[in-house]
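Trainee: Need the 3D shape of this:
(2 chains)
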There are 2 protein chains.
Amino acid sequence: MNVLVYGSGQLARMMYLAGSPLNINVQAVDVASKKIVNPVTKRSLKLSLDTAIENADVLTVEFEHVPELLLEQAEQSGKLLPNMRSILVGADRVREKHLLALAGIPNCEHEIITDIAQLSGITDRLGDKIIFKSSRDGYDGYGQWRISNADGLTDLAEVFSHLDLVKVPIVAETMCPFDRELSLVGTIGKDGNIALYPLAQNTHFEGQLHVSIAPAPELSDTVIAKAESIFKTLAKQMEYVGTLAVELFQVGDELLVNELAPRVHNSGHWSMQGADTCQFENHLRAICGLPLGDSHAQKISAMVNIIGVSSFSKNLIGIPGVHLHWYGKEVREKRKMGHINVTADSYAQLATKFEQLSEFLPMQYFPRLLTQANKLAKQS
Amino acid sequence: MNVLVYGSGQLARMMYLAGSPLNINVQAVDVASKKIVNPVTKRSLKLSLDTAIENADVLTVEFEHVPELLLEQAEQSGKLLPNMRSILVGADRVREKHLLALAGIPNCEHEIITDIAQLSGITDRLGDKIIFKSSRDGYDGYGQWRISNADGLTDLAEVFSHLDLVKVPIVAETMCPFDRELSLVGTIGKDGNIALYPLAQNTHFEGQLHVSIAPAPELSDTVIAKAESIFKTLAKQMEYVGTLAVELFQVGDELLVNELAPRVHNSGHWSMQGADTCQFENHLRAICGLPLGDSHAQKISAMVNIIGVSSFSKNLIGIPGVHLHWYGKEVREKRKMGHINVTADSYAQLATKFEQLSEFLPMQYFPRLLTQANKLAKQS
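Mentor: Numbering: from 1, shown residues only, chains lettered A, B, ... in the order given. Below is the predicted model:
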């Protein structure tokens, strides 16, 4: 089987490595240059995009922000999985909010701003603390803004006056307080079978995922059941095939959907060591029409992102159950360079391994590692 | 790190896949053409062998029968691991027998034939049933011959009269009856640390390995201790670095060394699913001077070779704990095309999974699968 992935970053790379044993040949499209490359070596395969599409049995994506013309061409080939609608839901917050409304799935209170006049009195409706997010990424002048009371609205109105809010609306959302962020990653086969990974607990720093722990500690059956029900409802609504990630805010026993990612997801990387079949292999199995593999947690697992740094002692892999996954990229500030997977027999042992890891790592790049170790040690 | 592997078959391929996450770039030498290729795609990397050696941090082998001139060039670079002596021990049965004698390690009774006159009365010394093996492979007219009594010696003398027995001697060995074949695969680090995989039980058919089960069922502590002692003695004698396989005949509680393989080994492929760190990753860790990973069995594991056939239902990966490893080669009679790894919670469950597998496979190519299932079911 030949699979063509839109996007040639680490997710395509890890798909390639997971696909080779299954005789699935993964090629990647660099969406900026339209070059077809080997996702590991990044060497050009000297193929046109048209030829690569023709050669491929399946097309898929490693990120949702594929330029629209490319995505339409992919959809028209009849080979794109997940379908374009699902990818656009991930790429466009307005579509995402519509889907959640349609499916009756709780999420933070919000308004979709298509006219600057909607800012008037918005803090009365959504509360003082609001986050404004452009519905789509990659447009000049767009981004994210936060206000902590109505005073912030004046500046915002000035910024928004330069934007075409009808073309690219803004989603204004209550900054809802939550206990923690969870994510549910799972894979849906062509036959509708679903392999769900356990809920992961995600810890961020400055907007980037730093640590995922799976299964998330202290999960109630209620929360697990709610998360699985949300996942299944969304997957069905989207007629989804492949690996899907649903990011959730936990508030008590309630769950609010934060975001959908129509692809393999950073919070599922632990599955490369912690599950019998990782999210990359299951994604490929699903889109190639093969039966899914076991997605249960075999141990307590964690994923620690390596961000913006490449010099540290590789001897950390001497800690039992610690594996390095390097993406082969040049180091840049805030860039995801690789990740470290850790498996353990208990949360307490995981805490100990985090502490051992800290001896090998420049800790300024891992600001959440020891705080997580402390929390885990207390919980267990 | 850059690692250059002599040999571009499935073992180099699996090293490549294991090395990528560690930022270890594995290139392979096709020893026939001296071309340097990507071990997965087999694409030529358009490098001369000299340049590839210069670029490499470490040279290693995926098979022991590397042409001598190439091997000497590799050794002279100062980058070859394991060392040339160890590789030659695997390539030359006379060297192997000398090493075993030197280390005082039991093996089948044998004589090294360098003169046809030695055949005289050999059945009185070694018994009626003797196997004659050329000390090295790849020489015209050489091979293996068996006799079941002294009558066979006349024909053998005729065959041997055409051979240069001084240049390439023959090892004549008693066909010693044994209970089963085991193998011990392990990895020795540069620092002398050793990560031993559990003993595997190997089942052959027509001279080819068909099924390995690890840990081997019904192992006594005595046998385990003897095997580990043999492994460590040999590794020390050879000053070995990397993954090494020792094939053993078990006779009661005794072990006889059958053969050494100075490389990753088919009977260790189960470790790709069954151990925290597989033999390929540990080989690379060792030769690159990195600490070794955990080699314990995490489950009951098996490896089933796919030999001489490529058409079967890939849906067999729907059996929980079953993984396919395909080598991407054109099908030929007796050719190893790939293998299937199976993990289970018990030997009884493994037996059941073998039976389930048989429903997906053309059984004439898997003559040992159901006999092994029956044995496992009885044992457990």
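
Trainee: ranges for the helices of the stretch 251-380 of chain A?
Mentor: For the stretch 251-380 of chain A, helices defined by DSSP state H, counting those that start in this stretch occupy the ranges A:271-274, A:279-287, A:347-358, A:369-379.

Trainee: Mean pLDDT added to those, as CSV?
Mentor: Output for those, formatted as CSV (pLDDT from 0 to 100):
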stretch, mean pLDDT
helix A:271-274, 98
helix A:279-287, 98
helix A:347-358, 98
helix A:369-379, 93
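
Trainee: quick one: buried residues of stretch A:250-266?
Mentor: A:250, A:255-266 (16 or more other Cβ atoms under 10 Å in any protein chain shown). The C-beta positions use only the backbone N, C-alpha and C, and glycine is treated the same way.

Trainee: what about it, average pLDDT?
Mentor: In this model, stretch A:250-266 has a mean pLDDT of 97.

Trainee: cool, stretch A:6-14 as well?
Mentor: Computed over stretch A:6-14, the average pLDDT equals 98.

Trainee: List the buried residues for stretch A:283-303?
Mentor: A:283-293, A:295, A:297, A:299-303.

Trainee: Just the terminal-to-terminal distance for that stretch.
Mentor: Terminal residues of stretch A:283-303 are spaced 19 Å apart (Cα to Cα, to the nearest Å).

Trainee: do it and chain B meet?
Mentor: Yes: judged by Cβ under 8 Å from any Cβ of the partner chain, stretch A:283-303 comes into contact with chain B through A:285, A:290-294, A:298.

Trainee: Chain A - how does it break down into domains?
Mentor: With domains defined by automatic domain parsing, chain A comprises A:2-80, A:109-174, A:180-379.

Trainee: How about the residue in the stretch 51-200 of chain A positioned nearest to chain B, nearest residue that isn't a chain neighbour?
Mentor: Residue of the stretch 51-200 of chain A nearest chain B, by Cβ to the nearest Cβ: A:N193 (9.1 Å). Take A:N193 and drop its neighbours on the chain: the residue closest to it by Cβ to Cβ, 6 or more residues apart in numbering or on different chains is A:L292, 5.7 Å away.

Trainee: which element is the residue nearest to A:L47 when sequence neighbours are not counted on?
Mentor: Nearest residue to A:L47, sequence neighbours excluded (Cβ to Cβ, 6+ apart): A:I36, at 4.4 Å. Secondary structure from DSSP states H and E places A:I36 in strand A:35-37.

Trainee: What separation is there between the residue nearest to A:N193 and B:H325?
Mentor: Counting by Cβ to Cβ, to the nearest Å, the gap from A:L292 to B:H325 is 18 Å.

Trainee: from the middle of its chain, how far away would stretch A:135-142 be?
Mentor: The chain centre lies 19 Å from the centre of stretch A:135-142; the measure is Cα atoms, centre = their mean, to the nearest Å.

Trainee: Give me the neighbour count for A:A227.
Mentor: Close neighbours of A:A227, defined as other Cβ atoms under 10 Å in any protein chain shown, add up to 24.

Trainee: That one falls within a strand, correct?
Mentor: No: assigned with DSSP: H, G, I helix; E, B strand; the rest coil, A:A227 falls outside any strand and is helix.

Trainee: Can you verify my assumption that it contacts A:V185?
Mentor: No: applying Cβ atoms under 8 Å, one finds A:A227 not in contact with A:V185, separated by 10.7 Å.

Trainee: Next to chain B, which bits of chain A? Give me the list.
Mentor: Counting by Cβ under 8 Å from any Cβ, chain A comes close to chain B at A:13, A:17, A:20-23, A:38, A:40-41, A:273, A:276-277, A:285, A:290-294, A:298, A:314-315, A:317-318, A:320-321, A:323-326, A:328, A:338, A:343.

Trainee: Just the pLDDT for A:Y142.
Mentor: For A:Y142, pLDDT reads 82.

Trainee: State the number of residues packed around it.
Mentor: With other Cβ under 10 Å as criterion, A:Y142 counts 19.

Trainee: so who does it touch?
Mentor: A:134, A:136, A:163, A:168 (Cβ atoms under 8 Å, 6 or more residues apart in numbering or on different chains).

Trainee: Could you point out which of these is nearest to A:I116?
Mentor: A:L163 (8.7 Å; Cβ to Cβ).

Trainee: For that closest one, which non-adjacent residue is spatially closest?
Mentor: A:G141 (5.8 Å).

Trainee: What of A:K329?
Mentor: A:K329's closest residue in space is A:M337 (Cβ to Cβ, 6+ apart), at 6.1 Å.

Trainee: Which residues are in contact with A:I87?
Mentor: Contacts of A:I87 by Cβ under 8 Å, 6+ apart are A:61, A:64, A:66, A:71, A:80, A:262.

Trainee: That one: which element?
Mentor: helix A:84-91.

Trainee: Could I get the buried residue list for that helix?
Mentor: Buried, per 16+ other Cβ under 10 Å, within helix A:84-91: A:84, A:86-91.

Trainee: Stretch A:326-334 now?
Mentor: So stretch A:326-334, judged by 16+ other Cβ under 10 Å, has buried residues A:326-327.

Trainee: Partner strands of the helix or strand harbouring A:L248, with direction?
Mentor: Using DSSP H and E, A:L248 maps to strand A:242-251. Strand A:242-251 sits in its sheet next to strand A:180-188 (antiparallel), strand A:254-261 (antiparallel), going by DSSP bridges.

Trainee: Residue ranges in the stretch 201-350 of chain A under the pLDDT threshold?
Mentor: Residue ranges of the stretch 201-350 of chain A with pLDDT under 70: none are present.

Trainee: how about the strands in it?
Mentor: A:208-214, A:242-251, A:254-261, A:300-307, A:322-326, A:336-344 (DSSP state E, counting those that start in this stretch).
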